[in-house]
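Chemist: What shape does this take:
(one chain, ligands or ions: 1)
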Amino acid sequence: MPPPPAPRPNGSRTDGPGPGRAPGGDPAIETRGLSKVYRGGRLAVDGLDLVVPRGSVFGFLGPNGSGKTTTIRMLLGLIGATSGSARVLGAPMPSAGRRVLPRVGALIEGPSLYGFLSGRDNLRRFDAADPAADPGTRTARVGQALERVGLAAAAGRKARAYSLGMKQRLGLAAALLRPRDLLVLDEPTNGLDPQGMREIRALVRELAADGTTVFLSSHLLDEIEQICTHAAVMTRGRLITQGTVAELSATVLDARGNGRLTVTTPDPADAARVLTEHGLTGLRTTGDRVSGELPPTDAPLGGRGDAAAPDLADLNAALVHAGVRVRGFGTERASLEDIFVQLTGEGFDVAD
Ligand SMILES: Nc1ncnc2c1ncn2[C@@H]1O[C@H](COP(=O)(O)OP(=O)(O)OP(=O)(O)O)[C@@H](O)[C@H]1O
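Modeler: Below you'll find the model as predicted:
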């Protein structure tokens, strides 16, 4: 794993080897000033500087309409860029597409399957469409791909009888018919039920564990937090930040102090009083839940200046000592949603 890149506000570039560039190795994806203006003048992607380290599971995050699919289409050479450049697996796109794309598996907007064919026969068709695929080894290749995505037992069933999650897994199997260095997945869990989402996420983790770089777009913040090592945040065609998921979270945690403490109690008024006495600010009470901002650990308590911020165990003891019946007690770490809101000043549901 290369050293983790620091978050770079506004996607600004750094000098030197830079993030995501292992010594002697290119990033899996690198763009410079990549832009797309659609006919009619719509600026869908605006000066994108993206660095996707090899071996990462990279979450490309943004609300609907923020330019994710347009970027992916440019990366794969499906549409031309208006300006800027893109390198995939070290080679310029789209000019090196014939050389590079066989090493890239892609799943964009769901697989196109024949419902009347079995899962296995759908894969055989995909394999037959690949001029480089040896027909003599097709059966073995298809069998391995089905095995890889956990569809071997259902391979004989017609694709129209598959659940959405199974269809998506079949699409992934098609992308995995030959060994890939990079997988590009556009909203791979979109429309899936929780079980289908879990299956796809587990598969992405397995593929990453085998060394495949996975670049996936999503508008689901928790998805990125669950499976990604790195993330970039897009809004309105612009890259706001990129870095490791841990760094992005830390950026906000630093800015937000220790995060919020939430106490669940049948005595919310007393709890709020005790928490205020112990330096918590921004108290909010909703039903039996009281939450407040924890003061920074190294700062004296607000206004009193005579004590360090409270230890959580001491705080819990103080609540109990004051007669507050505590049912739940926990801190929330900053989520990517917090990061997004902090970085953009807007909520995450900002579809154009
Ligand atoms: N073929 C097109 N012609 C004109 N405008 C387009 C075209 N495709 C996309 N757009 C516009 O470009 C912007 C970015 O769209 P894009 O599909 O890349 O975003 P996205 O982040 O992938 O969102 P979604 O998840 O909804 O697909 C949107 O405002 C969209 O309406």
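Chemist: Can you classify residue 249 by secondary structure?
Modeler: helix (DSSP: H, G, I helix; E, B strand; the rest coil).
Chemist: What separation do you get for it and the ligand?
Modeler: Remark: distance between residue 249 and the ligand (Cβ to the nearest ligand atom, to the nearest Å) = 22 Å. C-betas here are computed from N, CA, C, even on glycine.
Chemist: can you pull the pLDDT of that residue?
Modeler: What the model reports as pLDDT for residue 249 is 74.
Chemist: That one - how many residues pack around it?
Modeler: Residue 249 has 19 neighbours, counted by other Cβ atoms under 10 Å.
Chemist: Surely it touches residue 339?
Modeler: Yes: between residue 249 and residue 339 there is a contact under Cβ atoms under 8 Å: 7.0 Å.
Chemist: So residue 48 is in contact with residue 68, correct?
Modeler: No: using Cβ under 8 Å, residue 48 is not in contact with residue 68; the gap is 10.5 Å.
Chemist: OK, contacts around residue 44?
Modeler: Shown in contact with residue 44 (Cβ atoms under 8 Å, 6 or more residues apart in numbering): 36, 37, 38, 67, 70, 237.
Chemist: Tell me if residue 285 really is in a helix.
Modeler: No: assigned with three-state DSSP, residue 285 falls outside any helix and is strand.
Chemist: Show the average pLDDT along stretch 45-61.
Modeler: The model assigns stretch 45-61 a mean pLDDT of 95.
Chemist: Could you chop the chain up by domain?
Modeler: As given by automatic domain parsing, the domain ranges for the chain are 9-253, 257-333.
Chemist: Single out the most deeply packed of those.
Modeler: Greatest average neighbour count among these goes to domain 9-253 (a mean of 18), per mean count of other Cβ atoms under 10 Å.
Chemist: How about the backbone phi and psi for residue 238?
Modeler: Note on residue 238: backbone dihedrals following degrees, to the nearest 10 are phi -110, psi 150.
Chemist: Report the separation between it and the ligand.
Modeler: Residue 238 sits 11 Å away from the ligand, taking Cβ to the nearest ligand atom as the criterion.
Chemist: just residue 99 next, same as before
Modeler: From residue 99 to the ligand the distance is 26 Å (Cβ to the nearest ligand atom).
Chemist: now swap in residue 291 and tell me
Modeler: Relative to the ligand, and taking Cβ to the nearest ligand atom, residue 291 is found at 32 Å.
Chemist: same check, this time on residue 289
Modeler: 33 Å.
Chemist: I'd say that residue and residue 266 touch.
Modeler: No: Residue 289 is beyond contact range of residue 266, at 11.0 Å (criterion: Cβ under 8 Å).
Chemist: Show me where the stretch 101-250 of the chain has its helices.
Modeler: Assigned by DSSP state H, counting those that start in this stretch, the stretch 101-250 of the chain shows helices spanning 119-128, 138-148, 164-175, 194-209, 221-227, 245-255.
Chemist: just so I know, which of these lies nearest residue 111?
Modeler: Taking Cβ to Cβ, helix 164-175 is the member of the helices of the stretch 101-250 of the chain nearest to residue 111, at 2.9 Å.
Chemist: The longest strand along the chain - contacts with which helices or strands?
Modeler: The longest strand of the chain (DSSP state E) is strand 29-37. In terms of contacts (3 or more Cβ pairs under 8 Å, 6 or more residues apart in numbering; DSSP states H and E), strand 29-37 is packed against strand 43-48, strand 51-52, helix 68-75, strand 83-88.
Chemist: Centre of the chain to stretch 40-57, how far?
Modeler: Stretch 40-57 has its C-alpha centroid displaced from the chain centroid by 14 Å (Cα atoms, centre = their mean, to the nearest Å).
Chemist: Export that stretch to PDB, keeping only CA atoms.
Modeler: In PDB, the C-alpha atoms belonging to stretch 40-57 read as follows (Å, rounded to 0.1, in the frame of the first residue of the first chain):
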ATOM      1  CA  GLY A  40     -26.000  22.400 -24.900                       C
ATOM      2  CA  GLY A  41     -23.300  23.800 -22.600                       C
ATOM      3  CA  ARG A  42     -23.800  21.700 -19.500                       C
ATOM      4  CA  LEU A  43     -20.500  21.600 -17.500                       C
ATOM      5  CA  ALA A  44     -20.800  18.100 -16.000                       C
ATOM      6  CA  VAL A  45     -17.200  17.700 -14.800                       C
ATOM      7  CA  ASP A  46     -15.000  20.600 -14.000                       C
ATOM      8  CA  GLY A  47     -11.200  20.400 -13.900                       C
ATOM      9  CA  LEU A  48     -11.000  17.000 -12.100                       C
ATOM     10  CA  ASP A  49      -7.600  16.100 -10.500                       C
ATOM     11  CA  LEU A  50      -8.100  12.600  -9.200                       C
ATOM     12  CA  VAL A  51      -5.500  10.100  -7.900                       C
ATOM     13  CA  VAL A  52      -6.600   6.600  -7.200                       C
ATOM     14  CA  PRO A  53      -3.800   4.600  -5.600                       C
ATOM     15  CA  ARG A  54      -3.200   1.000  -6.700                       C
ATOM     16  CA  GLY A  55      -4.700  -1.500  -4.400                       C
ATOM     17  CA  SER A  56      -7.200   0.900  -2.900                       C
ATOM     18  CA  VAL A  57     -11.000   0.500  -2.700                       C
END
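Chemist: Brilliant, that's me finished.
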